[in-house]
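Peer 1: Sequence and predicted structure, then a few things I'm wondering about:
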Amino acid sequence: MTTLQHGGGSGEPIETDVVIIGAGPVGLFAVFELGLLDIKCHLIDILDKPGGQCAELYPEKPIYDIPALPVVSGQELTDRLLEQIKPFEPTFHISERVDELERQPDGRFLLRSDAGTQFLTKIVVIAAGGGSFTPKRPPLPGIETYEGSSVFYSVRRMEDFRGRDILIVGGGDSALDWTLSLQPIANSLTLLHRRDDFRAAPHSVEKMRELVAAGKMRLMIGQMAGLQGSDGQLESVAVKTKEGEETLKIDRIMPFFGLTMKLGPVANWGLNLEENLIPVDTEKFETSEPRIFAIGDINTYPGKLKLILSGFHEAALMSQAAHRYVYPDKKLLFQYTTSSSNLQKKLGVR
Amino acid sequence: MAKITFIQPDGVTQVIEATVGQTVMEAAKTNDVPGIEAECGGACACATCHVYVAEEWREKAGAPSEMEEDMLDFAFDVREESRLCCQIKVTEDLDGAVFQVPAKQF
């Protein structure tokens, strides 16, 4: 069984063989290769579902270079990998980001996520692709000084928005959902989008238009041009429309411009980095820190190609090296899934 | 071959040779044009290859598809002449075309 866990920093660290950071295709396949060698995994991903870029950026788009699959969509590839790794019962920790990594005196690592979940693990596999998905920050001068006080990319506490003059920017489901949720508690709410067409679910758009017609909120077609305020407290926003520029009295903004990938906290773990990539050797795919491996798009080595299939290969070789750390006294016998009854038992096909 | 000009926000221009059949984004990346990031590699999934098409080239470059319009929602300072250049195919007709690189790709 595959377990999905949301948050839950219950204090006691979870003890495991391997923590895989990133549940994209390469992280998922690593569960398979490690599983064949009796190594148990927990996976952590910042997205709310497994699949990484395949699920977030191009679930519907075709991939043509997966061996033996002439064409497969990002979502289908993810679904098939999830099916393939089911026998190994991985645990997923989704919507979480690993913030801290500390080596323990016994050689293991203590990892802590932004949700407070802790792991005590023998091995860390970084399969973080292009980095962690983070909300795009509109390139307005000084916007970072308002983040967390007046500018929010998600809602942690609804109360922070009660009685406020709120500006929501965007035209997708997040923008429309928060428009509908925050409108009843706002002093005023304006939805700003660059065009009068919305990607969001039609029924939310309809509800929003009803609120506008009833005079309960404002819809503006245009774009943000500048922010004014002081000491982290936003006072007004300049909005550019076809008619010209208008200044709105606003003290809360929620911009929704999608996600971008940033290396994030991995940069603070003392690993050697080359232009935001992690150099590894091509025998074990181990980083400059023993027991920390990096596979898939996030690593670099001479001749590296950012292909899913390269990541699969890296996962297989990394697993051989991981086995030596997890079972230092056991000799590893190389076996094929086609002929080994031992491996077939693990896969549940025998 | 088509000669394509990119104008940077500071006014610096760069003329590159693009191969017919490539996308304008691919031609820009091949020639290291600054400011064309193309984070998703050309899947129309990230809006980081945003350009402004020069007025006289707008017709030849064509209009964005519905999918591209949706993705342009994720770009900043979108104008009527905005396109994602991974969605523009290089043709002989684009010989001489001029694209302006925005100040920021986000």
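Peer 2: Cool, the structure landed. Just so it is clear, the model here is predicted, and its values are computed rather than measured.
Peer 1: Tell me the residues of the stretch 201-350 of chain A that contact chain B?
Peer 2: Neighbours of chain B within the stretch 201-350 of chain A, by CB under 8 Å from any CB of the partner chain: A:223, A:257, A:258, A:260, A:261. From N, CA and C alone the C-beta is placed, and that goes for glycine too.
Peer 1: Of the residues you listed, which is the nearest to residue A:241?
Peer 2: Lowest distance from residue A:241 to those (CB to CB) belongs to residue A:223, with 8.2 Å.
Peer 1: Helices along the chain, start to end?
Peer 2: Using chain A here. Taking DSSP state H as the criterion, chain A carries its helices at A:25-36, A:52-56, A:74-85, A:173-182, A:202-213, A:308-326, A:341-346.
Peer 1: actually it's chain B I care about, not the one you picked
Peer 2: Taking DSSP H as the criterion, chain B carries its helices at B:24-30, B:58-61, B:66-72.
Peer 1: Columns mean neighbour count on top of those, output as TSV?
Peer 2: Converted to TSV, the helices of chain B look like this (neighbours: other CB atoms under 10 Å in any protein chain shown):
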stretch	mean neighbour count
helix B:24-30	22
helix B:58-61	16
helix B:66-72	17
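Peer 1: which one of those helices lies closest to residue A:187?
Peer 2: It's helix B:66-72; of these, that one is closest to residue A:187 (CB to CB) at 31.5 Å.
Peer 1: Which strands and helices lie in contact with that closest one?
Peer 2: Packed against helix B:66-72, as judged by 3 or more CB pairs under 8 Å, 6 or more residues apart in numbering or on different chains; DSSP states H and E, are the following elements: strand B:82-84.
Peer 1: residues contacting residue 77?
Peer 2: Picking chain A for this. Contact analysis of residue A:77 by CB atoms under 8 Å, 6 or more residues apart in numbering or on different chains lists A:25, A:54, A:63, A:66, A:69, A:308.
Peer 1: try again with chain B
Peer 2: Residue B:77 neighbours (CB under 8 Å, 6+ apart): A:223, B:102, B:103, B:104.
Peer 1: what's the closest non-adjacent residue to the residue of the stretch 101-250 of chain A found nearest chain B?
Peer 2: Nearest residue of the stretch 101-250 of chain A to chain B, counting by CB to the nearest CB: residue A:139, 3.8 Å away. Spatial nearest neighbour of residue A:139, excluding adjacent residues (CB to CB, 6 or more residues apart in numbering or on different chains): residue B:104 at 3.8 Å.
Peer 1: cool, and residue A:283?
Peer 2: Using CB to CB, 6+ apart and skipping the chain neighbours, the partner closest in space to residue A:283 is residue A:317 (6.8 Å).
Peer 1: picking up where we left off before, so which of the helices of chain B comes closest to residue A:81?
Peer 2: Distance to residue A:81, taken as CB to CB, is lowest for helix B:66-72 among these, at 26.1 Å.
Peer 1: How much space separates residue A:282 from residue A:300?
Peer 2: Using CB to CB, to the nearest Å, residue A:282 is found at 11 Å from residue A:300.
Peer 1: neighbour count winner among these two?
Peer 2: residue A:300 (17 against 13; other CB atoms under 10 Å in any protein chain shown).
Peer 1: Pop the domain breakdown of chain A in here.
Peer 2: A:3-134+A:260-346, A:151-254 (automatic domain parsing).
Peer 1: Could you identify which of the ones you listed is most buried?
Peer 2: domain A:3-134+A:260-346 (a mean of 18; mean count of other CB atoms under 10 Å in any protein chain shown).
Peer 1: Give the rounded mean pLDDT of that one.
Peer 2: Summarised as a single mean, pLDDT over domain A:3-134+A:260-346 is 94.
Peer 1: residues contacting residue 98?
Peer 2: Since you didn't name a chain, this refers to chain A. Residue A:98 touches A:19, A:21, A:44, A:111, A:112, A:113, A:265, counting by CB under 8 Å, 6+ apart.
Peer 1: Let me rephrase: I mean chain B.
Peer 2: B:4, B:5, B:6, B:7, B:53, B:54, B:56, B:57.
Peer 1: Mind checking which of the residues of the stretch 201-350 of chain A next to chain B are in strands?
Peer 2: Among these, DSSP state E puts A:223, A:260, A:261 in strands.
Peer 1: Around chain A, pick out the residues from chain B.
Peer 2: Where chain B comes near chain A, counting by CB under 8 Å from any CB, the residues are B:39-40, B:43, B:45-48, B:69-70, B:72-74, B:76-78, B:103-104, B:106.
Peer 1: If we use 6 Å, what do you get?
Peer 2: B:40, B:43, B:45, B:70, B:73, B:74, B:76, B:78, B:104, B:106 (CB under 6 Å from any CB of the partner chain).
Peer 1: Tell me the spacing between the fifth one and residue B:86.
Peer 2: Pointing back at residue B:73 there. Distance from residue B:73 to residue B:86, by CB to CB: 16 Å.
Peer 1: what's the closest non-adjacent residue to the residue nearest the centre of chain B?
Peer 2: By CA atoms, centre = their mean, chain B has its centre lying nearest to residue B:85, at 3.0 Å. Closest residue to residue B:85 apart from its sequence neighbours, by CB to CB, 6+ apart: residue B:24 at 4.0 Å.
Peer 1: residues contacting residue 63?
Peer 2: Picking chain A for this. Residue A:63 sits next to residue A:72 when contact means CB atoms under 6 Å, 6 or more residues apart in numbering or on different chains.
Peer 1: Run through the bridge partners of it.
Peer 2: residue A:72 (DSSP bridges).
Peer 1: Next, the contact list for the closest residue to residue A:55 other than its chain neighbours, please.
Peer 2: Distance criterion CB to CB, 6+ apart; nearest residue to residue A:55, sequence neighbours excluded, is residue A:78 at 5.2 Å. Under the criterion of CB under 6 Å, 6+ apart, the contact list for residue A:78 reads A:51, A:54, A:55.
Peer 1: Quickly note the distance from residue A:78 to chain B.
Peer 2: Distance, residue A:78 to chain B, by CB to the nearest CB, to the nearest Å: 15 Å.
Peer 1: got it, and residue A:89?
Peer 2: 32 Å.
Peer 1: do the same with residue A:251
Peer 2: Using CB to the nearest CB, residue A:251 is found at 22 Å from chain B.
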